[in-house]
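Chemist: Fold the following.
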Amino acid sequence: MLDLQELEKSLNIKIHNRDVFILALTHPSYNADANTKHQDYERLEYMGDAVLDYVSADIIFKTHPDMDQGLMSKLRSYLVKSHSLAEYARKINLGEYIRVGHSIPLEQINRSDKILEDVFEALVGAIYLDQGMDVAYRHISSFLLEDVKKANIDNLTDYKTRLQEEMQAEHRDSVHYELISQTGPAHDRTFTVNVLFNDIVLASGTGKSKKAAEEEAAKNALAIRSV
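Modeler: Prediction:
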């Protein structure tokens with residue numbers, strides 16, 4: 001874990017309460033080694049998630065005055081999904097600051113979208129509590145604003161929804177997803193699913209969550225259908 005002074009420089013802030021940032025950067029696995037309880041980022045993650053929702057909604061509303069409610073909701077979901085937040089975390093090298101227990105190898109942190117997403121949300125919560133909403137807004141805007149401006153409306157519908165709409169339009173029936181396997185330790189699972197239509201496998205997908213694996217399977221099914 002690097003000195004918080006480096007994080008201050010990266011975020012362009014002066015930290016007032018170091019403890020809240022240390023908490024934001026502490027993975028639950030660290031408690032097992034330190035013999036502590038509930039001294040991790042999970043409560044701050046809750047706060048940061050709420051702040052992210054508000055700021056992203058405000059930016060979208062003001063940037064796209066003609067966009068309807070449904071598209072605004074889809075754009076917000078797209079911008080704050082797990083992979084997007086993990087990529088924002090990687091841009092500021094957030095993985096270098098995270099405290100984890102010995103059960104999680106350090107090199108695994110930057111590979112895990114889930115860990116980076118959670119800590120990024122916790123960091124937003126810490127910035128809000130320590131610096132106030134104006135600074136939190138500025139920080140979030142520095143990541144989101146360009147993505148909001150250049151958002152491709154055609155890509156906002158998730159793959160599962162697009163596949164479902166296509167199949168129902170053609171056959172008036174739905175696809176369903178079947179979990180095939182889950183491998184790896186509890187903190188780093190990999191899931192594999194099939195997407196089926198009338199018991200015929202359309203495609204398979206893998207991901208670090210069942211939802212991510214289903215999205216990948218739907219994406220692959222759409223790609224196969226377009227050939």
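
Chemist: Run the chain-centre distance for the least confident helix or strand in the chain by mean pLDDT.
Modeler: Lowest by mean pLDDT, DSSP states H and E among the helices and strands of the chain is helix 29-34, with a mean of 77. With Cα atoms, centre = their mean, to the nearest Å as the basis, helix 29-34 stands 24 Å off its chain's centre.

Chemist: Of all the residues in it, which ones are buried?
Modeler: With burial defined by 16 or more other Cβ atoms under 10 Å, the residues of helix 29-34 counted as buried are Ser29, Tyr30, Asn31. Where you see a C-beta, it was placed from the backbone N, CA and C, and this is true even at glycine.

Chemist: quick one: contacts for the most centrally placed residue in the chain?
Modeler: With distances taken as Cα atoms, centre = their mean, Ser82 lies nearest the centre of the chain, 1.6 Å away. By Cβ atoms under 8 Å, 6 or more residues apart in numbering, the contact list for Ser82 reads Asp113, Lys114, Glu117, Ser209, Ala212.

Chemist: Heading C-terminal from the helix ranked longest in the chain, find the next helix or strand.
Modeler: Ordering each helix of the chain by length in residues (DSSP state H) puts helix 42-63 first. Next helix or strand after helix 42-63 toward the C-terminus (DSSP states H and E): helix 69-79.

Chemist: returning to that earlier point: and of the buried residues of helix 29-34, the nearest to Gly101?
Modeler: Closest to Gly101 out of the buried residues of helix 29-34 is Ser29 (3.4 Å), distances taken as Cβ to Cβ.

Chemist: quick one: that closest one and Ser103, what's the gap?
Modeler: 5 Å (Cβ to Cβ, to the nearest Å).

Chemist: which residues are common contacts for the two?
Modeler: What both Ser29 and Ser103 touch, as defined by Cβ under 8 Å, 6+ apart, is the set His187.

Chemist: Having no further points to raise, I will conclude here.
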